[in-house]
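1. Compute the structure for the input listed below.
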Amino acid sequence: MGTGHGSRIGVTLVAGGKYHDIDFARRELLGLLGEHDEFRVRVQPDYEDAAAIAGGSILVSYTCDVRPSPDAQATIRRWVEGGGRWVALHGTNAALDLGGPHGVDSPRVFPLWAETLGSQFIAHPPIQPYTVEVTDPEHWLVEGVEPFETDDELYLSEYADRAALRPLLHTVWQGDAKGFVESDWTATDAQHLVMYTRDLGAGAILYNTLGHCRGHYDMVPVLDYYPHVERCSWDKPVYYELLRRSLRWARGATS
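-> Numbering: from 1, shown residues only. Below you'll find the predicted structure:
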């Protein structure tokens, strides 16, 4: 007879980057990862120890403007194709150049990274409430989730191959992404993906664009003190439900 226990599962949490309260996000994600007894979690601030990531089964990432080296990109790509599961959150697909005369630019500096993830962040309108709709209500990752309102960064992304993605959540928006170089989104497709999966070889990626957070000291050196603490979707129980389901998905659950 079996013992009834599972097997150890190696997980890497990459939490690092700019303009976000990485400490808060790291703490919250470690709490959720800690709900799985089999998870043995290692933490790093970037993707450069890619061999260690590839030595595990699951990657969870919460980064912004962390630009992996070509070697790290290629190693992680091969790891996913070989069966790895990657839960990518919020700014994982973002490269940002601030301080230009025309606003924030999103340079296309990691095409392999963006292609692997399925998208690259380009811009977002000012943070304000918007409605997240369920695209695929039959999929267990979002089954039973009702449309909900959140005040988060509404990600406007460029998709490498949108047909290769399985949309789970979306929102509808057109307008001006004030403050970004690529600000005119008045004539683009109004449906923007909020959460999707992408199969890649024997592995897969789950991307969720929600989860902006910022504390008072996270805009240094651009701004010494940011006046408003932002928690956005982290204040929503539904976001934690989505994260919990995503971690179950990462370990191979199908319901």
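2. Going by C-alpha atoms from here, please, whenever you check contacts or count neighbours.
-> OK.
3. Surely residue 166 touches residue 198?
-> Yes. Using Cα atoms under 8 Å, residue 166 is in contact with residue 198, at 6.2 Å.
4. so where is the protein shaky, pLDDT-wise?
-> By pLDDT under 70, the weakly predicted segments of the chain are 1-4.
5. Let me see the contact set for the most centrally placed residue in it.
-> The centroid of the chain falls nearest to residue 89 when counting by Cα atoms, centre = their mean (1.6 Å). Residues near residue 89 by Cα atoms under 8 Å, 6 or more residues apart in numbering: 60-63, 207-211.
6. can you redo the residues you listed as TSV with neighbour count, secondary structure and distance to residue 19?
-> Formatted as TSV, those follow (neighbours: other Cα atoms under 10 Å; DSSP: H, G, I helix; E, B strand; the rest coil; distance: Cα to Cα, whole Å):
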residue	neighbour count	secondary structure	distance to residue 19
60	26	strand	19
61	26	strand	15
62	26	strand	12
63	28	strand	10
207	27	strand	20
208	24	strand	18
209	24	coil	15
210	22	coil	15
211	24	coil	13
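7. Return the member of those nearest to residue 144.
-> Checking the contacts of residue 89 against residue 144 by Cα to Cα gives residue 208 as the nearest, at 17.5 Å.
8. partners of the closest one in the sheet?
-> Residue 208 forms beta bridges with residue 89, residue 195, as assigned by DSSP bridges.
9. Is it in contact with residue 195, as I believe?
-> Yes. With contact defined as Cα under 8 Å, residue 208 and residue 195 form a contacting pair (4.3 Å).
10. Could you pull up phi and psi at the nearest residue to residue 39 once chain neighbours are set aside?
-> With sequence-adjacent residues excluded and distances taken as Cα to Cα, 6 or more residues apart in numbering, residue 39 is closest to residue 9, at 4.9 Å. Here is the backbone geometry of residue 9 (degrees, to the nearest 10): phi -120, psi 120.
11. and residue 9, what does it touch?
-> When contacts are counted by Cα under 8 Å, 6+ apart, residue 9 touches 38-40, 56-58, 251.
12. Name the nearest of those residues relative to residue 141.
-> Nearest to residue 141 among the contacts of residue 9 is residue 251, at 13.1 Å by Cα to Cα.
13. how near is the closest one to residue 52?
-> The spacing between residue 251 and residue 52, counted by Cα to Cα, to the nearest Å, is 18 Å.
14. neighbour-wise, which of the two wins?
-> Under the criterion of other Cα atoms under 10 Å, the comparison of residue 251 against residue 52 puts residue 251 first, with 19 against 14.
15. Quick check: the more buried one touching residue 56?
-> No. Between residue 251 and residue 56 there is no contact under Cα under 8 Å: 11.3 Å.
16. picking up where we left off before, are any of the contacts of residue 9 buried, and if so which?
-> Buried residues within the contacts of residue 9, counting neighbours by 16 or more other Cα atoms under 10 Å: 38-39, 56-58, 251.
17. which outside residues touch the lengthiest helix in the chain?
-> Selection of the longest helix in the chain by residue count, based on DSSP state H, yields helix 237-250. Applying Cα under 8 Å, 6+ apart, the external contacts of helix 237-250 come out as 32-33, 58, 85-87, 141-142, 145, 206, 211, 233-234.
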